[in-house]
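Chemist: would you be able to build a 3D model of this:
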Amino acid sequence: MNRRKYRSTRSTTPAWVRTTMIILGIFFLFLAFVAIFRRQGPADVSSSVRSSDDIVAELIQDSAKVQGTSPRETPRGIPESTVLLSVSGGSASATAKRVFENNLFTHTILGQDLPLIDEGKFHYQAWLIRPYPFDFFDTSPLIHNADGSWGMIWVGSPGEAYDDFIEVLVTREPIGDFDENPSTDQILKGAF
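Modeler: Numbering: from 1, shown residues only. You can find the predicted model right below:
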């Protein structure tokens with residue numbers, strides 16, 4: 001038997017080169033999958049669940065519709081007024097005014113047709129609200145006038161203009177409620 005010696009013309013690649021090529025191939029496949037999944041964006045979140053960021057963004061949008069995109073300075077010496085409307089859609093309404101004059105900020109409210117309350121247990125409380133950064137404080141309780149209207153006058157600290165506090169809220173609060181937060185029983189709302 002005649003055996004010929006067969007010699008391959010193909011060169012053999014060292015094992016370390018083959019291993020490196022496989023690792024590089026897997027790495028590039030991984031990068032391709034990452035690029036594809038990044039293009040798709042985040043998965044849809046259920047529309048019934050709202051995040052706190054969504055709620056804050058909605059509040060900022062609502063205040064921007066009323067006020068404009070940038071806060072403005074309260075006109076000095078010129079009264080501003082706005083109408084406060086019933087939150088529940090009733091006939092209650094009020095006119096709120098503010099003026100910064102003689103280094104004092106004065107805020108007044110005169111309301112009509114507010115729902116009857118047991119004045120021994122509840123009172124109407126006015127609040128000024130700054131939408132961004134969010135802050136609020138109570139001003140004065142509304143007083144029931146002889147003609148059936150409700151009103152209040154509040155004077156701020158000397159030199160403080162309260163320019164960013166553009167929203168006005170009137171709530172029904174229990175007498176003796178000493179927390180510093182408005183109740184959920186909102187009656188009137190509006191903005192300058």
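Chemist: immediately after the helix or strand of the chain with the lowest mean pLDDT, which helix or strand?
Modeler: None of the helices or strands of the chain scores lower by mean pLDDT, DSSP states H and E than helix 52-67, at a mean of 58. Downstream of helix 52-67, the first helix or strand assigned by DSSP states H and E is strand 80-86.
Chemist: please enumerate the helices of the chain.
Modeler: For the chain, the helices defined by DSSP state H cover 15-40, 52-67.
Chemist: in the sheet, who's paired with G190?
Modeler: Per DSSP bridges, the residues bridged to G190 are V168.
Chemist: tell me, how many residues neighbour F28?
Modeler: 10 (other Cβ atoms under 10 Å). Where you see a C-beta, it was placed from the backbone N, CA and C, and this is true even at glycine.
Chemist: now the one 10 residues further on
Modeler: Neighbourhood size, R38 [other Cβ under 10 Å]: 8.
Chemist: quickly note the distance from it to L31.
Modeler: 11 Å (Cβ to Cβ, to the nearest Å).
Chemist: got it, and I129?
Modeler: 50 Å.
Chemist: W127: what's it in contact with?
Modeler: Going by Cβ atoms under 8 Å, 6 or more residues apart in numbering, W127 touches 136-139, 168-171, 182.
Chemist: from those residues, which is closest to T106?
Modeler: Proximity of those to T106 (Cβ to Cβ) peaks at T139, which lies at 10.4 Å.
Chemist: the closest residue to that closest one other than its chain neighbours: neighbouring residues, count only.
Modeler: Of all residues not flanking T139 in the chain, W154 sits nearest, at 3.9 Å (Cβ to Cβ, 6 or more residues apart in numbering). Neighbourhood size, W154 [other Cβ under 10 Å]: 16.
Chemist: check the contacts of W127 and tell me the two furthest apart.
Modeler: The widest separation within those (Cβ to Cβ) is 13.9 Å, between F137 and V170.
Chemist: of those two, which one has the most company?
Modeler: Set F137 next to V170 and count neighbours by other Cβ under 10 Å: V170 wins out with 29 against 13.
Chemist: so the more buried one versus L116, what's the distance?
Modeler: Counting by Cβ to Cβ, the gap from V170 to L116 is 15 Å.
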